[in-house]
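Chemist: below is the sequence, then the predicted model.
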Amino acid sequence: MDYSQFLNMRPELSLTAVIIVAFFYDLFTSGKLRIFFQPLVCTLMGVHILINLIPSASETELFGGMYRDTSMIGLIKTMLSFGTLIILMQADVWLKREDTSHKRGEYYLLTLFTLLGMFFMISAGHFLLFVLGLELASTPMACLVAFDKYKHHSAEAGAKYILSAMFSSGLMLYGISFLYGTTGTLYFSDMATLLTGTPIQVLALVFFFSGLAFKISLVPFHLWTADVYQGSPTLVTSYLSVISKSAAAFILLIVFTKVFSAMIEVWQEMLNWIIIITITVANLFAIRQKNIKRFFAFSSISQAGYIVLGIICANQLGTTALVYYILAYLVANIAAFGVITIIEQKSGDKVEISDYNGLYQTNPRLSLIMTLALFSLGGIPPFVGFFSKFFIFMAAFGAGFKVLVFIAIINTIISLYYYLLVVKAMYITPNDTPIPAFKSDPYTRISLIVCLAGIILLGIVSAVYQNIFMLN
């Protein structure tokens, strides 16, 4: 066997190196040396990102075509690594708590293993590697959801997540078995030439999509989302809502365009209705939420509908808009969850929207960051969320989905209402006993500054969108 092939897997190799170093540091250090765990992991992740910052110029296929790497796939992996690094930076205070300090290494390793699984899924050119990556990502994720195992809601969330994940994986594998039965291959490229749209292949498409739609939280596969988001530790909720969802969206794009390209009319019609139902149902339920994490759960479901708008286009403009939208969503949503994490850790688990009443009086900077993040998620100019929605609407409109875009715009206006409810609570609703003033830790402050810079600058600096378009 030619082991030199592994050298072409830069993102996977560098991330594996980070995991190995973190594992041995956790295994052999104790006492005062443990205080260096956070800077060590964050530094290593920074080096990992720098190593892979410049994507490969040409397409690479390894292991007989089972593994694929392109410049766009490289960019996607870098984005996911960047988002993971920001979330890890926000974890310092939480992991110093008495009930979690002894599990610091477990948190880092489980998070990095899920990221490695996502890398394999994104680079898969064969359904066997895809399934291996799926399991590598899903199993540690269930452990993260139940990380605060002695808290009732976390244990319940972990049970709900693993049961839903098992069911969705079973559906997906059932669909893949139909594909193999009708084509005789598991290679994406070979399968694309053999699919003809027979009824059993359409059923396979539906089963496969149903399994992956669970990961993206598309309606009607979203029922787990609010309970799991509420019960999980907030940083895990942030990881689920951004990194896991983004990776699943990229994978859905790759499989639909590479495998099911001959059945494009079938899955475009299916996605058309799924998008309409998803953004409408999510927006209506978000308005009713009182818990801030459940609120963002339905917000993320709505955002998933907008993300899938880029997939339905099935062209270069749609792919570019999808990647750009996820980048905008990443910085805005992590910023919002960063504020929630700080308040939860400093103020005794305050997670109701009413707890944020009068927050501006005592913590004006956090209020400003949360406001800008919500404005970006709602698509208010001049923040990056406005440009991301504009580009994805433009791509869908150009692809002929004019009615769908109109409905999406109406739902965007509805979403502004419930995003502004949180802003109203922070700035307008009076509160005699608001959350006390406090200072966050340096790691969290840096992460929020990076997210804030992304919210303001990514939309203004046109080179970002242009470079994504050129890589596609």
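Modeler: Sure thing, it's come through.
Chemist: so the nearest residue to residue 132 once chain neighbours are set aside is in which element?
Modeler: Once flanking residues are discounted, residue 132 sits nearest to residue 120: 6.3 Å by C-beta to C-beta, 6 or more residues apart in numbering. C-beta coordinates here come from the backbone N, C-alpha and C atoms, glycine included. Taking DSSP states H and E as the criterion, the element that holds residue 120 is helix 104-123.
Chemist: just checking, what packs against that helix?
Modeler: The criterion is 3 or more C-beta pairs under 8 Å, 6 or more residues apart in numbering; DSSP states H and E, and the helices and strands that helix 104-123 contacts are helix 10-28, helix 37-51, strand 67-69, helix 71-89, helix 127-145, helix 245-258.
Chemist: surely the residue nearest to residue 132 and residue 131 touch.
Modeler: No - Residue 120 is beyond contact range of residue 131, at 9.7 Å (criterion: C-beta atoms under 8 Å).
Chemist: the two: which is more packed in?
Modeler: residue 120 (22 against 18; other C-beta atoms under 10 Å).
Chemist: what sits against the more buried one?
Modeler: By C-beta atoms under 8 Å, 6 or more residues apart in numbering, the residues touching residue 120 are 12, 67, 129-130, 132-133, 136.
Chemist: circling back: now the helices and strands packed on helix 104-123 as TSV including mean pLDDT and distance to residue 379?
Modeler: Shown next, in TSV, are the helices and strands packed on helix 104-123 (pLDDT from 0 to 100; distance: least, C-beta to C-beta, whole Å):
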stretch	mean pLDDT	distance to residue 379
helix 10-28	88	31
helix 37-51	89	28
strand 67-69	86	33
helix 71-89	90	20
helix 127-145	87	29
helix 245-258	89	18
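Chemist: can I get the ones you listed in a markdown table with distance to residue 116?
Modeler: Formatted as a markdown table, those follow (distance: least, C-beta to C-beta, whole Å):
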| stretch | distance to residue 116 |
| --- | --- |
| helix 10-28 | 5 |
| helix 37-51 | 11 |
| strand 67-69 | 13 |
| helix 71-89 | 10 |
| helix 127-145 | 6 |
| helix 245-258 | 11 |
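Chemist: select, out of those, the one closest to residue 466.
Modeler: Nearest to residue 466, of all these, is helix 71-89, at 13.1 Å by C-beta to C-beta.
Chemist: which residues sit against the host helix or strand of residue 470?
Modeler: Counting by DSSP H and E, the element that carries residue 470 is helix 463-471. In this structure, residues lying in contact with helix 463-471 by C-beta under 8 Å, 6+ apart are 55, 71-72, 75, 316-317, 320, 323-324, 327, 387, 391, 458.
Chemist: for the closest residue to residue 203 other than its chain neighbours, what is the enclosing helix or strand?
Modeler: Spatial nearest neighbour of residue 203, chain neighbours left out: residue 178 (6.2 Å); criterion: C-beta to C-beta, 6+ apart. Residue 178 is located in helix 152-183, with elements delineated by DSSP H and E.
Chemist: what residues of the next helix or strand after that helix count as buried?
Modeler: The C-terminal neighbour of helix 152-183 among helices and strands, as given by DSSP H and E, is helix 188-194. Neighbour counts over helix 188-194 (16 or more other C-beta atoms under 10 Å) mark 188, 191-192 as buried.
Chemist: repeat that for stretch 197-205.
Modeler: So, applying 16+ other C-beta under 10 Å, buried residues of stretch 197-205: 201-202, 204-205.
Chemist: off-centre distance for stretch 175-192?
Modeler: Chain-centre distance of stretch 175-192: 28 Å, with C-alpha atoms, centre = their mean, to the nearest Å.
Chemist: how about residues contacting that stretch?
Modeler: Applying C-beta under 8 Å, 6+ apart, the external contacts of stretch 175-192 come out as 65-66, 124-128, 131, 194-195, 198, 200-201, 203-211, 255, 258-262.
Chemist: put the buried members of the residues you listed into a PyMOL selection.
Modeler: To isolate the buried members of these in PyMOL, using 16+ other C-beta under 10 Å:
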select buried, resi 66+124+125+126+127+131+195+201+204+205+206+207+208+209+210+211+255+259+260
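Chemist: measure residue 460 to residue 384 for me?
Modeler: Going from residue 460 to residue 384 by C-beta to C-beta, to the nearest Å gives 8 Å.
Chemist: and for residue 288, the neighbour number?
Modeler: Neighbours around residue 288, by other C-beta under 10 Å: 10.
Chemist: quick one, phi/psi of it?
Modeler: Backbone geometry at residue 288, expressed as degrees, to the nearest 10, gives phi -90, psi -10.
Chemist: do the same with residue 430
Modeler: Per degrees, to the nearest 10, the backbone of residue 430 is at phi -70, psi 150.
Chemist: same check on the one 10 residues further on?
Modeler: Residue 440 adopts backbone torsions of phi -90, psi 170, taken as degrees, to the nearest 10.
Chemist: wait, what's in contact with it?
Modeler: 93, 342, 346, 366, 448.
Chemist: and the gap between it and residue 16?
Modeler: Distance of residue 440 to residue 16, given as C-beta to C-beta: 32 Å.
Chemist: just to revisit the earlier point, can you select the buried ones from the contacts of helix 463-471 in ChimeraX?
Modeler: This is how ChimeraX selects the buried members of those, with burial counted by 16+ other C-beta under 10 Å:
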select :55,71,72,75,317,320,323,324,327,387,391,458
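Chemist: tell me which of the contacts of helix 463-471 fall in helices.
Modeler: 71-72, 75, 316-317, 320, 323-324, 327, 387, 391, 458 (DSSP state H).
Chemist: in JSON lines: the residues you listed, plus distance to residue 408.
Modeler: Shown next, in JSON lines, are the ones in helices among the contacts of helix 463-471 (distance: C-beta to C-beta, whole Å):
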{"residue": "71", "distance to residue 408": "29"}
{"residue": "72", "distance to residue 408": "24"}
{"residue": "75", "distance to residue 408": "25"}
{"residue": "316", "distance to residue 408": "20"}
{"residue": "317", "distance to residue 408": "16"}
{"residue": "320", "distance to residue 408": "18"}
{"residue": "323", "distance to residue 408": "18"}
{"residue": "324", "distance to residue 408": "16"}
{"residue": "327", "distance to residue 408": "19"}
{"residue": "387", "distance to residue 408": "15"}
{"residue": "391", "distance to residue 408": "13"}
{"residue": "458", "distance to residue 408": "21"}
